[in-house]
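Visitor: sequence plus the predicted model coming up.
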Amino acid sequence: MDRISARLEFDSHRESSRRYGDYSFWLEDSGDPLLPRPGLQRSEDVDVAILGAGYTGLWTAYYLLRANPGLKVALVEGEIAGYGASGRNGGWCSPRFPVSAGAMTRRWGAEAAREVLVALQAAVEQIRDVSERESIDTCFRPAGTLTVARGAHQLAPLHHAYRAYERLGLANRYHFLSQEQVAERVRITDVHGGLFTADGASIHPGRLVRGLARAVERLGGQIYEQTPVSEFRSGRQASLITQAGEVRASKAVVLAGEAYLSRLPGMRRALLPVYSLISLTEPLSRAQWDKIGWHQGENLASMRNTVVYLTRTPDGRVLFGSRGAPYSFGSKIQDASDRHPETLALIQRSLLEWFPALEGIRFTHGWGGPVGMPMDWAPAVRFDAESRIAFAGGYTGQGVSTANLSGQMIAGMITGRRTGFESLPFAQRRSPRWIPEPLRWLTVRYMQRGYERIDIAAEAGRSRPLDASLIEFLGKH
Ligand SMILES: Cc1cc2nc3c(=O)[nH]c(=O)nc-3n(C[C@H](O)[C@H](O)[C@H](O)COP(=O)(O)OP(=O)(O)OC[C@H]3O[C@@H](n4cnc5c(N)ncnc54)[C@H](O)[C@@H]3O)c2cc1C
């Protein structure tokens, strides 16, 4: 895309999106008026220029400035801080990684897989600690994560997941629960067992991202909002180019735009924007909570291929999220995909299947957003001192704690300060580029639909679709 068309795409998008609180319940409930900060007015010279003010960009700025108070750091954001996935997610702050423990072990070996999971749990604790230090009201609830086998067919994959943790020496952190033990925690239909870990927490994503932006400013960071970047340059001319001017960086340009990076020239095939959608209920009454249990508020999920994730919000609502809004040809990102009606209706039906006791509940909010999916599903965090370009992203829907870890890693890479995360297997790596269209659209849609067909057949007790092995082979990561 050239500079003018990139600009037009952002402008037409922004015209329709001045009420940022409409983008998610979390932004609406962030306790922040969401007024845009001033945009860039003229060209500027800084040490580090960061594209994007989501968790990745903000954590990078935070750690850079904490360790080097004299550094000049500017963030250039096309909308407002938290406009992207960071202001819209499911609120899971967990040591989950886009690549499962078993797949990581196969790909990178047991030791590296273990290191990733331990580093991510440390990142969860970092988020809690920084929130306390910076007085960010993150609503951190350290209730852990419970994954259930819904339907007998999900029991074998759940055992498989447990054994993968066991092989990494993490069996003391993951506990297999019987049907009855799950029911003592939460009453979900058709549960055959569960896997619980006390690791992980839930947070208020909107308060975290907006509070983090203010913390970065207190440390001296500059955030320019409603300033779309149309292009970036590398090497001695490293800079972010905008209509109002450029931000030239003497040390590094950090690309922290996640799924939205696919709009930038040179990045179109780096990440695939895949939508995740959420439906939110009204606050439950005490009687309703008593019917379903879930008093501790663990993060909940099942072993479905088409992921589902549930959170109990700080004000007592049920948040039910899932994949499912279909991939749009050409990696198009558009507001209409945030509220894909068929997907939202399906999510609402699923919630009632999980909790029939909530029949008649009102759904007050529905929203979604794009996550960045790399071709090989594994995130990457890298910095090249010669080109001065740093990149962190590709979290595929597991980015709350991963972005914190990435921020620490990038800050260390740029300044040469050791973080202890240098040997993590996703440091200094690059994923292959996505295949070109129309093959990309055909493959991605086939797989999205294919995984749904596998789930639906299993839930109906029917035999697997004839092409199930092909779908699983294509999705192997
Ligand atoms: C519906 C949903 C549910 C999710 N649930 C969870 C969950 O429960 N737990 C979890 O761990 N993860 C979850 N995720 C993923 C997680 O939210 C993301 O991985 C994480 O927020 C990514 O942070 P980021 O800063 O890298 O990207 P983003 O938050 O997307 O920020 C990127 C920013 O860059 C800006 N930008 C992009 N391009 C440009 C440009 N050209 N010029 C200027 N600015 C630009 C964007 O406007 C945006 O503000 C979910 C995501 C979604 C969408």
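Guide: Structure's in. What do you need? Residues are numbered from 1 along each chain as shown.
Visitor: for this structure, which spans come out with low pLDDT?
Guide: 1-18, 324, 476-477 (pLDDT under 70).
Visitor: hmm, 90 instead?
Guide: Applying pLDDT under 90 to the chain flags the ranges 1-18, 266, 304-307, 323-328, 330-331, 334-340, 439, 441-477.
Visitor: residue in it nearest to the ligand?
Guide: The ligand sits closest to residue 399 of the chain, with a gap of 1.8 Å, by Cβ to the nearest ligand atom. Using the backbone N, CA and C atoms, a C-beta is placed for each residue, glycine as well.
Visitor: can you pull the contacts of that residue?
Guide: By Cβ atoms under 8 Å, 6 or more residues apart in numbering, residue 399 lies in contact with 55, 56, 85, 86, 89, 258, 371.
Visitor: domains of this protein?
Guide: 3-89+205-271+376-415, 141-202+273-373, 439-474 (automatic domain parsing).
Visitor: the ligand contacts on the stretch 1-150 of the chain?
Guide: 51-57, 76-79, 83-86, 88-92 (Cβ under 6 Å from any ligand atom).
Visitor: filter those residues down to the ones in strands?
Guide: 51, 76, 92 (DSSP state E).
Visitor: which of those residues has the largest number of neighbours?
Guide: When neighbours are counted by other Cβ atoms under 10 Å, residue 76 leads these with 29 neighbours.
Visitor: mind checking how far that residue is from residue 417?
Guide: 24 Å (Cβ to Cβ, to the nearest Å).
Visitor: now residue 405
Guide: Where residue 417 is concerned, residue 405 sits at a distance of 15 Å (Cβ to Cβ).
Visitor: can you give me the helices for this structure?
Guide: 3-15, 25-28, 55-67, 101-108, 110-133, 155-167, 179-185, 205-218, 286-292, 335-338, 341-354, 400-415, 439-459, 468-474 (DSSP state H).
Visitor: mind putting those into TSV with mean neighbour count?
Guide: Formatted as TSV, the helices of the chain follow (neighbours: other Cβ atoms under 10 Å):
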stretch	mean neighbour count
helix 3-15	14
helix 25-28	24
helix 55-67	27
helix 101-108	18
helix 110-133	18
helix 155-167	16
helix 179-185	15
helix 205-218	24
helix 286-292	14
helix 335-338	17
helix 341-354	17
helix 400-415	27
helix 439-459	16
helix 468-474	14
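Visitor: and residue 249, which of those helices is closest to it?
Guide: Minimum separation from residue 249 across the helices of the chain (Cβ to Cβ) falls at helix 400-415, 9.9 Å.
Visitor: centre of the chain versus that closest one, how much separation?
Guide: 15 Å (Cα atoms, centre = their mean, to the nearest Å).
Visitor: for it, packing partners?
Guide: Here helix 400-415 touches helix 55-67, strand 92-93, helix 110-133, strand 245-255, strand 380-384, strand 389-393, going by 3 or more Cβ pairs under 8 Å, 6 or more residues apart in numbering; DSSP states H and E.
Visitor: which residues does stretch 413-430 contact?
Guide: Counting by Cβ under 8 Å, 6+ apart, 48, 64, 67-68, 71, 104, 107-108, 112, 115-116, 119, 251-252, 254, 378-383, 390, 405, 408-409, 411-412 sit against stretch 413-430.
Visitor: can I get that stretch as CSV, trimmed to CA atoms?
Guide: Provided in CSV are the C-alpha atoms of stretch 413-430 (Å, rounded to 0.1, in the frame of the first residue of the first chain):
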residue,chain,number,x,y,z
MET,A,413,17.9,-5.4,23.3
ILE,A,414,17.9,-1.7,22.4
THR,A,415,20.0,-0.6,25.4
GLY,A,416,22.2,-3.7,25.7
ARG,A,417,21.0,-4.3,29.2
ARG,A,418,20.7,-8.0,30.1
THR,A,419,17.2,-9.2,31.1
GLY,A,420,17.8,-12.9,31.4
PHE,A,421,15.3,-13.5,28.5
GLU,A,422,17.9,-13.4,25.7
SER,A,423,17.8,-17.2,25.2
LEU,A,424,14.0,-17.5,25.0
PRO,A,425,13.2,-19.3,21.8
PHE,A,426,11.1,-16.5,20.4
ALA,A,427,13.9,-13.9,20.8
GLN,A,428,15.5,-12.7,17.6
ARG,A,429,13.4,-14.8,15.4
ARG,A,430,11.3,-14.2,12.3
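Visitor: that one: which residues count as buried?
Guide: 413, 414, 415, 419, 421, 424, 425, 426, 427 (16 or more other Cβ atoms under 10 Å).
Visitor: make a markdown table from the contacts of residue 399 and add distance to residue 302 to it.
Guide: As requested, these are exported to a markdown table (distance: Cβ to Cβ, whole Å):
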| residue | distance to residue 302 |
| --- | --- |
| 55 | 26 |
| 56 | 28 |
| 85 | 22 |
| 86 | 25 |
| 89 | 18 |
| 258 | 26 |
| 371 | 19 |
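Visitor: any chance of the helices and strands packed on helix 400-415 in JSON lines, plus distance to residue 466?
Guide: Formatted as JSON lines, the helices and strands packed on helix 400-415 follow (distance: least, Cβ to Cβ, whole Å):
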{"stretch": "helix 55-67", "distance to residue 466": "41"}
{"stretch": "strand 92-93", "distance to residue 466": "35"}
{"stretch": "helix 110-133", "distance to residue 466": "33"}
{"stretch": "strand 245-255", "distance to residue 466": "42"}
{"stretch": "strand 380-384", "distance to residue 466": "35"}
{"stretch": "strand 389-393", "distance to residue 466": "36"}
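Visitor: what does the stretch 301-450 of the chain put close to the ligand?
Guide: 309, 321, 368, 369, 371, 393, 395, 397, 398, 399, 400, 403.
Visitor: OK, contacts around residue 281?
Guide: Residue 281 sits in contact with 317, 318, 319, 320, 351, 358, 361, 362, 363, 364, where contact means Cβ under 8 Å, 6+ apart.
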